[in-house]
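In: The following comprises the amino acid sequence and a computationally predicted model.
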Amino acid sequence: MPRRNPDEPVLATNKKAFHDYNIIERFEAGVQLVGTEVKSCRAKSITMIDSYVTIRNGQAWLENMHIAPYGFGNRFNHEAKQTRRLLLHKNEILKLAQWIGTKGGTVIPLKVYLKQGLVKIEIAYCQGKTHSDKRETLRKRQDDLDMRRAVKR
């Protein structure tokens with residue numbers, strides 16, 4: 001995946017994903033949105049907790065991502081938690097479908113950002129962490145922090 005331009009803002013991140021899953025491979029995908037959804041995304045009114053990707057009829061779908069209704073959208077506003085289509089290449093969709101079929105494998109969104117004026121989403125296929133894995137990660141992070149503090153002194 002090419003590096004992101006730092007001038008283009010990150011609209012939302014899924015911080016819980018890094019705690020609950022081991023990220024194996026990342027993909028960049030476009031999202032099919034209507035006008036008021038884009039305006040809400042630009043206003044950073046996005047929540048990705050408990051959202052995931054499914055594959056149906058050869059297409060990738062983003063489930064459970066909450067994009068708040070746009071304040072000035074009146075009757076043309078969108079539903080907050082509707083299913084949204086992800087725009088991916090066919091070989092990427094086949095890879096994701098194969099991964100979803102494995103035990104413990106899931107595909108989740110990591111962040112939503114702008115790229116050349118378009119809303120993009122970074123998705124990743126992940127393996128769920130066990131309780132002991134989560135504890136080990138926290139322990140390792142704390143050890144690294146202690147080591148950096150000791151070196152600084």
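Out: Structure's in. What do you need? Just so we're clear, the structure is a prediction, and the values are computed from it rather than from any experiment.
In: Find the centremost residue of this structure, please.
Out: The centroid of the chain falls nearest to P109 when counting by C-alpha atoms, centre = their mean (1.9 Å).
In: And that one, how far from V151?
Out: 36 Å (C-beta to C-beta, to the nearest Å). Bear in mind the C-beta positions are built from the backbone N, C-alpha and C, glycine included.
In: Equivalent analysis for R84, please.
Out: Counting by C-beta to C-beta, the gap from R84 to V151 is 46 Å.
In: ok, now K15?
Out: K15 sits 27 Å away from V151, taking C-beta to C-beta as the criterion.
In: re the thing from before, any idea how far whichever strand or helix holds the residue nearest to the centre of the chain is from the chain center?
Out: Applying DSSP states H and E as the criterion places P109 in strand 105-115. Distance, stretch centre to chain centre, for strand 105-115: 2 Å (C-alpha atoms, centre = their mean, to the nearest Å).
In: now stretch 29-39
Out: 15 Å.
In: Return the set of buried residues in it.
Out: Residues of stretch 29-39 classed as buried by neighbour count (16 or more other C-beta atoms under 10 Å): A29, V31, L33, V34, T36, E37, V38, K39.
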